[in-house]
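# sequence below, structure please.
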Amino acid sequence: MKDMIEDPKSQTLTFRKPVAEDGEAVWALVRRCKPLDENSIYCNLLQCDHFADTCIVAEQGGEIVGWISGYIPPAEPDTLFVWQVAVGEEARGQGLGGRMLSRLMARDACEGVTRMKTTITRDNAASWGLFKGFAKRAGGDLSSEPHFTRDDHFGNRQATEHMVTIEFDAAAFAQAA
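Residues are numbered from 1 along each chain as shown. So this is what the prediction gives:
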């Protein structure tokens, strides 16, 4: 896949692996993208540094406008767990989240990945739409079930997170992408 494309606003949109120096800009983007959980700058710095192969940033006009953090769980080498997706207001409505997911899956680090997982609260319509769209493009099956529950894990402070699992044929997806 090409790393640079023209967006509908005629500004170049660049996709790349993050570097440690992106940590603060990623943290600031996540803070602007409510209702995402804010991690510490240090957490985002570690994601950009230690997990660069399974994370992606999108830049437009020299600014980070999109971010996906993910990792391959050690016990599940066929799975990409997507931790967080952030798209700045200035870049919304362009399908940026889906394009970042597709570019992540095209990386060598995701060779052999046939499952994507993430957790989503029931009321997060944007995330449900993003992952349902990815499942459709990947020709995959999407399932979900309560995973981290309000009562058992969050002390009634946060809504239940549903584990979303998308099973797909990696070879078929690569050809379609």
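# got the contact list for the nearest residue to Asn156 once chain neighbours are set aside?
Using Cβ to Cβ, 6 or more residues apart in numbering and skipping residues adjacent in sequence, the residue nearest Asn156 is Arg150, 5.8 Å away. The way it works is simple: take the backbone N, C-alpha and C, and place the C-beta from them, glycine included. Applying Cβ atoms under 8 Å, 6 or more residues apart in numbering to Arg150 gives the contacts Asn156, Arg157, Gln158, Ala159, Thr160.
# ok, Gly140 next?
Met116, Phe134, Ile166, Glu167, Phe168, Asp169, Phe173.
# of the residues you listed, closest to Glu63?
Phe134 (24.8 Å; Cβ to Cβ).
# how about that closest one, what does it touch?
Phe134 neighbours (Cβ under 8 Å, 6+ apart): Gly98, Leu101, Ser102, Met116, Gly140, Ile166.
# that's a strand at Asp53, yeah?
No: according to DSSP: H, G, I helix; E, B strand; the rest coil, Asp53 belongs to no strand; its state is helix.
# from Pro146, how far out is it?
30 Å (Cβ to Cβ, to the nearest Å).
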